[in-house]
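> Using only what follows, build the 3D model:
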Amino acid sequence: MSESKLVECVPNFSEGRDRGKIDAILDVVRAVPGVKVLDVDPGAETNRTVVTLIGPPETIGEAAFLAVKRASELIDMRSHRGAHPRHGATDVLPFVPVSGVSMDDCVAIARAVGRRIGDELGIPVYLYEHAASRPERRSLAAVRAGEYEALPDKLGRPEWKPDFGPARFHAQAGVVTVGAREFLIAYNVNLNSRTKAHADDLAGELRETGRAVRRGQTSAWYDSGKLLRYEPAAHRMPCGYCASVERDQAALARHYQSAHGLDLAEELAFFGRDAAALEGVNVMKRGRFRHCRAVGWVIPEYGRAQISINLTDFRVTPAHAVLDACRELARERGLLVTGSEIVGLLPWEALEQSGRHYLHAQGSSRGLPVADIVQTAVQSLGLDDVATFDPQKAVLGLPRLAGPLVTQTLSDFTDEVSRPSPAPGGGSVAALAGALAAALGAMVANLTHGKRGPAAARDEMEMVAMALQQVKHELLVAVDADTEAFGDVLAAMRLPRDTEAQASARAAALQAGYQRATSVPLRTAQLCLEALRHCRTAAEQGLPASVSDAGVGALMARAGLRGAVANVRINLPAITDAAWVSAQRSQLEALLAEAEALEQATMARVDALLEAPARAG
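Presented below is the predicted three-dimensional model:
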């Protein structure tokens, strides 16, 4: 789906007892356009508040900077005490990609904000995680080692020179650690058990840090086995991943590399083992999933045990992969997974990933509308098991159609178009025509995918349907965007022009308005062309019984494109930038030429199939 650009920012402030100070910090955030405060989680014991902000990349950095500035004025680290590790008034400031942005985008935001904090506020800044300037600073724990009390000495050492700001101790604010990281999903899997040990057993198999190896289990439960230990003195060096036992560490290292593709030295370091002192030490093995933390616990109010999971990179380890493994492991132990739970928020990409996974597993097309994908994910993951899951509140970046036109009934929209006002007009109607074309093409592709046939053909139809769902969504958004764009022109026309300065400002606003009013229908035309291309594919490779639908889709796409082109052309005479206008006209000619050829080819295919039965008779 086409998605709005959203970045999450999760500042941690070293204040959890005085809500007045936190509210004062949040006041400056709420004043930044487009930025919302999603969650505020204060802790008295930790004396720390975790705030979750969300906003577009253009303004989230400004909100974060202002929050850091206000925190540095209100929080005095010289008197701060709390259970949580800390070294600054704003202790950490991570930026997280949610939708429509990359990790590189968040790294750029983090470094820009870090530079501003150092330059404008005079507070030392360290960069961590993906934004880190050097490998040894990637870990937050390493950067924060020694906490606030270590800063006077630490800042004076060359190896701990700040990435930004002065290399001197800021007694009140400490330092700010700014970073970019993946979205962390808090995810619980529910069991039909009240026994914590059951959840612990599964957690040990799942989490990246794994557990101590046991052998000779007498039941399905892992802890019924005997702990496996290194015995170098007895020439017994067992493998943590298979039954092999080597004579010495060098032989074990060769086995790890040849049999498992692992470096023994790295494995030992990962588990904190001293390679020179292994006698009697437990053998360890990693769990199934990277970027997965898991423990077991019991929730009395739910009356069941849960596996509490943190997924620190859902693109590497998605929720559905962990859940499917939980179901397999539970079944082996006579347990059932009754469902799962999202704690807090998750990005649309993660839910979409799971919905499409289960659609594919059941042999259904993944090229379905957003609502269908959401329903599949919620039902398959069992997200309503212990509490109601509301995607509208829990999913960040969920594609929505919230414009005043596209959410009207069909009859109300038609009535609105017919009224004596310039908008909504041809641009909005052209976008709607294109959206309907995409919907028809997706329908034909999905119907074809549902029929038995060659796997390659079914796969191609599924790809067509998925692409057309995205085109459809973007064109529906354009229904309102076209009207909003013309609103900029109307607003500019109402500007005063009594003085030379006012007239100049009005003229500039008009030019900007007309260019925006032109760019929206141009994008509509481009999307309609994309829909037309896919409709041609649907007509050529789709079910012959649905070829008329593919033909109607092609005709609607061509109509939408021609209508959008007309809306571009009508605005061009008002634009004074000759080079810009010339470039637009060249694009329009290319769009029209390709559209005409595509429509002719598509309708030739449609006509040939529609006439075939008559010839056969």
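> Contact partners for the residue most central in space within the chain?
Closest to where the C-alpha atoms of the chain average out (Cα atoms, centre = their mean) is V98, at 3.7 Å. Listed by Cβ atoms under 8 Å, 6 or more residues apart in numbering, the contact set of V98 reads 6-8, 54, 183, 347-348, 396-397. (Glycine included, C-beta is placed from N, CA and C.)
> Now rank those residues by neighbours and give me the top one.
For the contacts of V98, neighbours were counted using other Cβ atoms under 10 Å, and V7 has the most, 27 neighbours in all.
> Do me a favour and average the pLDDT over the host helix or strand of G20.
Using DSSP states H and E, G20 sits within helix 19-30. Throughout helix 19-30, pLDDT has a mean value of 96.
> elements contacting that helix?
strand 36-43, strand 48-55, helix 57-74 (3 or more Cβ pairs under 8 Å, 6 or more residues apart in numbering; DSSP states H and E).
> Pull out the buried residues from the second one.
Using 16 or more other Cβ atoms under 10 Å as the burial criterion, the residues of strand 48-55 that qualify are 48-55.
> Kindly report the same for stretch 105-124.
105-111, 113-114, 116-118, 121, 123-124.
> Just name the closest of the residues you listed to V316, please.
Checking the buried residues of stretch 105-124 against V316 by Cβ to Cβ gives C106 as the nearest, at 16.8 Å.
> My guess is that closest one contacts A180. True?
Yes. Here C106 reaches A180: they are 3.9 Å apart, a contact under Cβ atoms under 8 Å.
> Which neighbours do those two have in common?
Joint contacts of C106 and A180 (Cβ under 8 Å, 6+ apart) are 95-97, 130-131.
> Flag the least confident of the residues you listed.
Among the shared contacts of C106 and A180, pLDDT bottoms out at P97, giving 92.
> ok, back up a step: let's have the helices and strands packed on helix 19-30 in a markdown table, adding mean pLDDT and distance to V175.
Output for the helices and strands packed on helix 19-30, formatted as a markdown table (pLDDT from 0 to 100; distance: least, Cβ to Cβ, whole Å):
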| stretch | mean pLDDT | distance to V175 |
| --- | --- | --- |
| strand 36-43 | 89 | 21 |
| strand 48-55 | 93 | 16 |
| helix 57-74 | 97 | 11 |
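> JSON lines for those, including distance to V337?
Listed next are these as JSON lines, based on distance: least, Cβ to Cβ, whole Å:
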{"stretch": "strand 36-43", "distance to V337": "28"}
{"stretch": "strand 48-55", "distance to V337": "28"}
{"stretch": "helix 57-74", "distance to V337": "37"}
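> Spell out the residue ranges of the strands in the stretch 251-400 of the chain.
284-285, 292-299, 304-311, 337-343, 346-347, 395-396 (DSSP state E, counting those that start in this stretch).
> circling back: ok, so of the contacts of V98, who is nearest A467?
Closest to A467 out of the contacts of V98 is W348 (17.7 Å), distances taken as Cβ to Cβ.
> what's the nearest residue to the closest one if we skip its chain neighbours?
Spatial nearest neighbour of W348, excluding adjacent residues (Cβ to Cβ, 6 or more residues apart in numbering): G397 at 4.1 Å.
> which helix is the longest one in this protein?
Counting by DSSP state H, the longest helix found in the chain is helix 500-541.
> how near is V32 to T59?
5 Å (Cβ to Cβ, to the nearest Å).
> residue ranges with poor pLDDT in the chain?
Across the chain, the ranges flagged by pLDDT under 70 are 1-3, 613-617.
> Can you give the domain ranges for this protein?
As given by automatic domain parsing, the domain ranges for the chain are 6-180, 211-285, 292-396, 410-616.
> So which of those is nearest Y187?
domain 292-396 (4.6 Å).
> quick one, the lengthiest strand in the chain and strand 48-55 angle?
Longest strand in the chain, counting residues (DSSP state E): strand 90-99. If you take axes from the mean of the first three to the mean of the last three Cα atoms, to 10 degrees, strand 90-99 sits at 30 degrees to strand 48-55.
> C-terminal to strand 90-99, what's the next element?
helix 103-116.
> CA-only coordinates of that following helix in CSV, if you can.
The C-alpha coordinates for helix 103-116 follow below in CSV (Å, rounded to 0.1, in the frame of the first residue of the first chain):
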residue,chain,number,x,y,z
MET,A,103,16.5,3.4,8.4
ASP,A,104,18.8,5.6,6.5
ASP,A,105,16.2,8.4,6.7
CYS,A,106,16.1,7.9,10.5
VAL,A,107,19.8,7.9,10.8
ALA,A,108,19.9,11.2,8.9
ILE,A,109,17.3,12.7,11.3
ALA,A,110,19.1,11.4,14.4
ARG,A,111,22.4,12.9,13.2
ALA,A,112,20.8,16.3,12.3
VAL,A,113,19.1,16.5,15.7
GLY,A,114,22.2,15.4,17.5
ARG,A,115,24.2,18.1,15.8
ARG,A,116,21.6,20.8,16.7
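> Check what contacts it and list those residues.
Contacts for helix 103-116 (Cβ under 8 Å, 6+ apart): 7, 57, 60-61, 64-65, 68, 93-97, 125, 127, 130-131, 163-164, 176, 178-180, 182.
> One more: stretch 321-337?
Against stretch 321-337 from outside (Cβ under 8 Å, 6+ apart): 187, 189-193, 198, 201-202, 205-206, 220-221, 288-289, 292, 307, 309, 311, 340, 381-382.
> try stretch 123-138
68, 72, 88, 92, 94-95, 103, 106-107, 110-111, 114-115, 117-118, 139-140, 142-143, 151, 155, 162-168, 170, 173-181.
> Just the buried ones from the residues you listed?
Applying 16+ other Cβ under 10 Å to those flags 68, 72, 88, 92, 94-95, 103, 106-107, 110-111, 114, 117-118, 140, 143, 151, 155, 162-165, 170, 173-181 as buried.
> isn't L66 right next to V29, touching?
Yes. L66 lies in contact with V29 (Cβ under 8 Å); the separation is 6.6 Å.
> the more surrounded of these two?
The neighbour count for L66 versus V29, taken as other Cβ under 10 Å, is higher for V29 (22 against 17).
> residues contacting that one?
Going by Cβ under 8 Å, 6+ apart, V29 touches 35, 37, 51, 53, 63, 66-67.
> could you dump those to a markdown table with distance to E15?
Output for these, formatted as a markdown table (distance: Cβ to Cβ, whole Å):
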| residue | distance to E15 |
| --- | --- |
| V35 | 20 |
| V37 | 16 |
| V51 | 11 |
| L53 | 16 |
| A63 | 18 |
| L66 | 16 |
| A67 | 12 |
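> Closest to D18 out of the residues you listed?
V51 (14.4 Å).
> what bridges to the closest one?
V40 (DSSP bridges).
> what sits against it?
By Cβ under 8 Å, 6+ apart, the neighbours of V51 are 10-13, 22, 25-26, 29, 37, 39-41, 67.
> Throw the residues you listed into CSV and include distance to G272, thanks.
As requested, the contacts of V51 are exported to CSV (distance: Cβ to Cβ, whole Å):
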residue, distance to G272
V10, 28
P11, 31
N12, 26
F13, 32
I22, 37
I25, 38
L26, 40
V29, 40
V37, 39
D39, 34
V40, 36
D41, 31
A67, 36
